[in-house]
Each structure stands twice: as C-alpha cells, then as structure tokens.
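Engineer: Sequence and predicted structure, then a few things I'm wondering about:
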Amino acid sequence: MMTTDTLNNTNDHDEHHDEHQMTGIKRWLYTTNHKDIGTLYLWFSFIMFLTGGAMAMVIRAELFQPGLQIVEPDFFNQLTTVHGLIMVFGAIMPAFTGFANWMLPMMIGAPDMALPRMNNWSFWILPFAFAILLGSFFMESGAPNFGWTFYAPLSTTYSNGSTAFFVFAVHIMGISSIMGAINIVVTIMNLRAPGMTYMKMPLFVWTFFITAYLLIAVMPVLAGVVTMLLTDTYFGTSFFDAAGGGDPVMFQHIFWFFGHPEVYIMILPAFGIVSTTIPAFSRKKLFGYSSMVYATSSIALLSFIVWAHHMFTTGMPLFGELFFMYCTMLIAVPTGVKVFNWVATMWRGSLTFETPMLFSIAFVILFTIGGFSGLMLALTPVDFQYHDTYFVVAHFHYVLVTGSLFSIFAGAYYWLPKWTGHMYNDALSKWHFWCSLISVNLLFFPMHFLGLAGMPRRIPDYALQFADFNKWVSIGGFAFGLSQLIFLAVVIKCIKGGDKAPAKPWDGAEGLEWTVASPAPYHTFSTPPKID
Amino acid sequence: MSKGIEPEEKAQIKNTVKTNNTRVIKKLVLTVFAMFGFGFALVPLYDVFCDITGLNGKTSNVAASYTEDGIDTSRIVIVQFITRTAKGIPWKFEPMINEVTVHPGEVKFVNFYAKNKSNRDIVGQAVPSVSPGLAANYFQKIECFCFTQQPLKAQEEVEMGLQFYVDIDLPKDITTLTLSYTLYDISEKVAS
C-alpha cells in the first residue's frame, strides 16, 4: 500500500540533539516528547492493571467457596466497583493512548503529536484521578460500592459517601481522555507526511482516529451524567429522584448513551493493533483494507443507537426492545466483516507464530466467542434470563480481556524491539502466552455456565451448586493474575538487554515506524518522509 | 521541536500547521461543549419522548377532564393497585381495594389509606407509575391525591381518593393495568 523512500533518514542528525534532554524525574514531569509520554501511559496502565488485578484476585478468593470468608459484603462491592473502574479507565484506555502516542507520529511520519504540551497535561492529571479514586479506600466512607455503572439511586440516595470523590475522579479521567483524543485527531488530520492520503493511512491509525471521535462525542456526556449525580447527591436536584419528579431509569439511558460507545472505544484500537500484526506475520497485505475502514466507521456510528440493550429488563415497550435488539444484531455485520478479513489475511499466507501473532490469533478466536455471547445477550427474550448473571460477566471479560488486553499484549510484543532496541526473551514470552491463554479460559469460560444456571453478578456469596465451577474459576483467576508477572519480567529484561533488534525485526512488517532505527531515536521524522 | 531543518523552512511549516491546528482544535472543543450540553438536553428530551410514547410508565400529573366518548362494554380491563413506601418514611400506605374491573371509558373511584405512624409531622408525596408503560397515556386521572402533597401530622390517618377512567383507545392487547404508587418523604424539600 505504501512505499517509503528512506531519505537516508533523519536519525543520523537527530542523535546529537539529545544532550538537550533533561535527566531524572524532570525528564518525565516536563516531557513533551510523544515517545516519553507513550512510555508513561504504558507504565501507568500496567501499574493500574496490576492494581485492578489484585482486587480481582481478592474477589476470586472470596468466591473460591460459598459463604463469607475473607471480606465483608460492603468491601466486596467496593472491590468489584473499583476493579471495573480501574480496568476500564486506568488500564485499557491509557494503554491504548500509550500506543497512540508512541506509534501514531511514527506511522504517519510526523515529528511528534500536534499538541505536545497538552499531551503532557493529559497524562499527568491521570495519576491524580486514580489517587482520588483509590484514596477513598482509606476514608471513613470507603470506596465507591455502587458498581462501575454507578446506577442512581445506588450512587445518590444510597451512596456510602464516596460519590463526590468518585465524581471528581471521573471528571479528571474524562478531561484527560478528551485532551488525548483532541490531540490524536489534530495529529492525524494535520501532520500526515506528504502523500499519505486518508486511505493510505495504516489501519491502526484509522482505528485510533475513529476512536478519538467517539471519545470526543461521549466523554462529555459522561461528565454531564456524573455532574447530575453530584448535584442530586449534594445539592438537592432531582434528575434521578422520582420524589422530585426525576426518573432513575433516565440515569441508565444517559449512562449507556455514553457507555455503549465506550465499549467500542475499548475495542476499536484493538482491531487496529491486530490488523497490523496479522498481516506482518502472515506476510500478506491486510485483506480488504477499505472494507476494514468502513466496517470500523459503521461500528462507531451504530454504537450510538444501541445503548438500551443494556436495559431490556427496565420495562421497555415492545417496539423499543425490537429496535434496540435489531440495531445491536446489525453490529455483528461489520464485526463479522472484520473477523472475515483477518482470517482471509491469514489464508494461504506464510504464517509464523511469534508471540505477537500468537496473541493476535488468540484475539481473533476468543474475541469472536465474546462476540457470540454478545449476540445471545442482544436477543431481548433470552436477555431476561441472562441479565445480571455471570453470563454477562463472562461476555464482557471475553471481549475486554481476551479481546482488548490480548491485543495490547500483541502490540506490546510487536513493538517492544522498536521501543527498547532489544528483542524480548522469546521463551519467556511464549510462557506468558500459553499460561495466559490456558488460565484465562479456565477463568472465564465456566462463567458462561454459572450464568446460565442463574448465578447473579456482584454478590459475595452463592448457592451451593455453583461451588465446583467457582473453585475452578478462582484457580484460573489466580493463575492468570500470576501469569502477568511473567510479562513484567519479559518487559524489564527487554529494557535491560537482550539481542540487539534490527530496524525491522519482523520481515513481513510494513509501515514507517520500521524505517527508523531500533530503539527509535528520541526525535524521528523531523523531515517528513515521502509517500508514493 | 523540529530540529535539524533550515530555519525559514521550519518557520513556514510551523505556521501552516499552526493555523490548521487551531481550526481543528476550535471545532473539536466546540463539539466537546456541545456534547456536554447534549447530556443535559437529554433530560427534557427524555421527558418529552416519554410523554409521547409513555415509555417509562409516567402518568400525566394534571387532571384529565372526562369526555363522554361512551363506554366500551365489550371490553373488560383489570386495574390493579399496588403501593410502596420509599426508604425512611414511616407511613402505612395501602390501597383499600386491590383491583377493580372496568370497561374502557367508565369512571371509577377508589380510595387509598395512609397513616403517619411516627410522632412527627411529615409531608408525603405519592408518585404514580403505570405498567405496562405504554398504557400510561391511556390511564386518565380525573382526581388524584398524587396531584398534591400530603401533609400528615403525627399519628394522623387519612383516606385519599383517586377518580380515573381508562381511555377507550387503550390498545387491544392490554387487558391488565397495574398502577403503582411510591410514597416519598418530601418534608425537607418542602421546608427548604
């Protein structure tokens, strides 16, 4: 799709500018360099991932056997709530922003993000948001305990007093995401190398472009709904209070108007990553590039008209249920196009199974399983059975863990040589993959059956007949959590040393990022490359 | 930022990029504020939408005037009454009859009983809701205690009336309506 002339690249005269770099903590605090900020985002998200994961381990320890063993029900609720919030806003989203920062400028041949100072801000306010959120654990009220979806009146009338902290934390996260998204859009629109038309951009760039628009459209709605929550709880308004003429169901409508596009914010970049890795290790061009672009756009547009499928049991009229059911099922069409294209890309390719490819193939298969359970949930009549059971938990963990998270691993392994200049330890990375793959399925697959059998979500205790499955799920959970320490080891080893990575370690890889040295010099593409 | 190119060239690139950036940023920031506003606009929009479609089972909070459109004696509709007190209001609140059968177009009168079991004066407010939601627009209240607040002194009891009819245009597939009242303590809101 694109050929680059490597213009005896910028690298040679870049390296001697590095003496201007600040050192120590100031380098990171004041940095406006997209690679530094990308690194900060990625480390931050990894720390948050381990934090949220530790909470999940406590949850699974409590659910190891029926009855109450380890934590109080209220603390259990706090754990499930904060686990969800951290994984969504602290782990998955910042990880993708980290990828965007690191890779977008290099992929489009730009010297940096368009708004480097804002970039610094959008990262550095994030730790404060999560300090507020996590700090509430140590306060008298305790952390938010109303579920990551913070339905009113659980978060208003029945709040344990943590609502204000929660709202401010979400506000800051929202501002950070919006600034990040604006930066991505401006960068892609204005800083593409001469000759790189929109339809010549790598699909990775396209997915982040569309995701950024989704963020700009829905994060302000989230800010609005938490503001209403705040005034309802502390300033006597009645947006969601029936006694004052409000409507608690309206909360769910506004929340999910944000919430459904949000789930695509967490998966579209994943599509972009595997659309980069699969062609590289299949040694073929991505099958159906333009159909991928249109499929991504239509998923994004459809995401705005399906929100009420989260609320089938709130008592909607039949036509409402049918409308949201059919719209939801319609999303399976563009998603199916994508899965078809990935498989078609692999078809008759000369495949090799390096770790990024293993994670990508696992992504395609397991994300599709998550998609199928999503289709089941989209069916209104059966959703009445599945609603609020572990079936839902299984579904969204398949799309978010084996979907988004696996794509993040795929991307991390794929670009680690570019980031660090070293090849990662292959054997250890394969251990990480196989341990993760086996344990994640042990962790989430039985949840489908638990849900179908009627085990409810968000409850610290369960009926006796669920005991065996829950034991296995918990064992899978501990194994999956511990497997991620292997990843930490791989990354640290890779930063410290390892085989020297060539500029392009994957022979099938395409894109401008492979035309610069490994590790990528501090400044790249000060002179834009030419695209034919 | 961009080191390593000629100064004039650098300035030129910087200027074009800068104007382009400002234009895009302005649009995007505007979108952000517009969407923030849209979040709040959803509140009245939701009410309008629900009014039109009867989505959330909210009934009208103004009295309907009865029009002699005739009574459809060929149909029988069961109207059930249920009551609920919200958290923190120590009242006894229940329907005096659990269900009535009506013909569409026929006016009925039923009573609800309320007693303030506490030793303080409390202002209550009953909020009605009809299930199935689509029937809400066809459930017409000529007179209802829910139109006003109910101040009850300590230990005071009261019988409260509801006069209603079911519109003759009620969709044929609806044979049972459930009218649910939730009673809230609004003393604080009234005081402030």
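Structural biologist: Structure received.
Engineer: excluding its backbone neighbours, what's nearest the closest residue to chain B within the stretch 151-300 of chain A?
Structural biologist: Among residues of the stretch 151-300 of chain A, the one nearest chain B by Cβ to the nearest Cβ turns out to be A:G224. It sits 2.6 Å away. Quick note: C-beta positions are derived from backbone N, CA and C, even for glycine. Spatial nearest neighbour of A:G224, excluding adjacent residues (Cβ to Cβ, 6 or more residues apart in numbering or on different chains): B:G39 at 2.6 Å.
Engineer: isn't that neighbour right up against A:M219?
Structural biologist: No: contact between B:G39 and A:M219 fails when scored by Cβ atoms under 8 Å: they sit 10.1 Å apart.
Engineer: the more surrounded of the two?
Structural biologist: A:M219 (27 against 21; other Cβ atoms under 10 Å in any protein chain shown).
Engineer: and B:T148, how many neighbours?
Structural biologist: Residues lying near B:T148 (other Cβ under 10 Å) number 10.
Engineer: ignore the last one, A:S350
Structural biologist: By other Cβ under 10 Å, the residues close to A:S350 number 10.
Engineer: Thought A:S282 was touching it, still the case?
Structural biologist: Yes: at 7.2 Å, A:S350 counts as touching A:S282 under the criterion of Cβ under 8 Å.
Engineer: quick one: contacts for B:I71?
Structural biologist: Remark: with contacts taken as Cβ atoms under 8 Å, 6 or more residues apart in numbering or on different chains, B:I71 is in contact with B:H103, B:P104, B:G105, B:E106, B:I168.
Engineer: Just the buried residues from these, in PyMOL please.
Structural biologist: In PyMOL, the members of those classed as buried (16 or more other Cβ atoms under 10 Å in any protein chain shown) are selected with the following command:
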select buried, chain B and resi 103+104+105+106+168
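Engineer: what's the residue closest to the geometric middle of the chain?
Structural biologist: Reading this off chain A. Geometric centre of chain A, nearest residue: A:I92, 3.0 Å, by Cα atoms, centre = their mean.
Engineer: right idea, wrong chain: chain B
Structural biologist: Among the residues of chain B, the one closest to the centroid is B:K58, at 4.5 Å (Cα atoms, centre = their mean).
Engineer: moving C-terminal of the helix or strand A:T296 falls within, what's the next helix or strand?
Structural biologist: A:T296 is part of helix A:289-302 when elements are defined by DSSP states H and E. Per DSSP H and E, the first helix or strand lying C-terminal to helix A:289-302 is helix A:318-330.
Engineer: Now the spatially closest residue to A:V170 that is not a sequence neighbour: which helix or strand?
Structural biologist: Using Cβ to Cβ, 6+ apart and skipping residues adjacent in sequence, the residue nearest A:V170 is A:V226, 4.9 Å away. Using DSSP H and E, the secondary-structure element containing A:V226 is helix A:203-234.
Engineer: The helix or strand following that helix and chain B, any residue contact?
Structural biologist: Per DSSP H and E, helix A:203-234 leads on to helix A:248-265 as the next helix or strand towards the C-terminus. Yes: applying Cβ under 8 Å from any Cβ of the partner chain, one finds that helix A:248-265 is in contact with chain B at A:V249, A:M250, A:H253, A:I254, A:F257.
Engineer: how near is the first one to B:N56?
Structural biologist: Spelled out, that is A:V249. Taking Cβ to Cβ, to the nearest Å as the criterion, A:V249 is separated from B:N56 by 6 Å.
Engineer: ok, back up a step: mind listing what's buried in the helix holding A:T296?
Structural biologist: Residues of helix A:289-302 classed as buried under the neighbour-count rule (16+ other Cβ under 10 Å) are A:Y289, A:M292, A:V293, A:A295, A:T296, A:S297, A:S298, A:I299, A:A300, A:L302.
Engineer: List the residues that contact the second one.
Structural biologist: It refers to A:M292. A:M292 makes contact with A:L203, A:W206, A:F271, A:S275, A:L286, A:V337, A:K338, A:N341 under the criterion Cβ under 8 Å, 6+ apart.
Engineer: How about the fourth one?
Structural biologist: Contact criterion Cβ under 8 Å, 6+ apart gives A:P334, A:T335, A:V337, A:K338, A:N341 as the residues in contact with A:A295.
Engineer: Please, where are all the helices along chain B?
Structural biologist: B:7-53, B:187-191 (DSSP state H).
Engineer: still on that earlier bit, of the contacts of B:I71, closest to A:A453?
Structural biologist: B:P104 (43.7 Å; Cβ to Cβ).
Engineer: Could you double-check that that closest one lies in contact with B:S74?
Structural biologist: No: with contact defined as Cβ under 8 Å, B:P104 does not reach B:S74; the gap is 9.1 Å.
Engineer: For the contacts of A:M292, work out which two are farthest apart.
Structural biologist: Greatest spatial distance in the contacts of A:M292: A:W206 and A:V337, 14.2 Å, computed using Cβ to Cβ.
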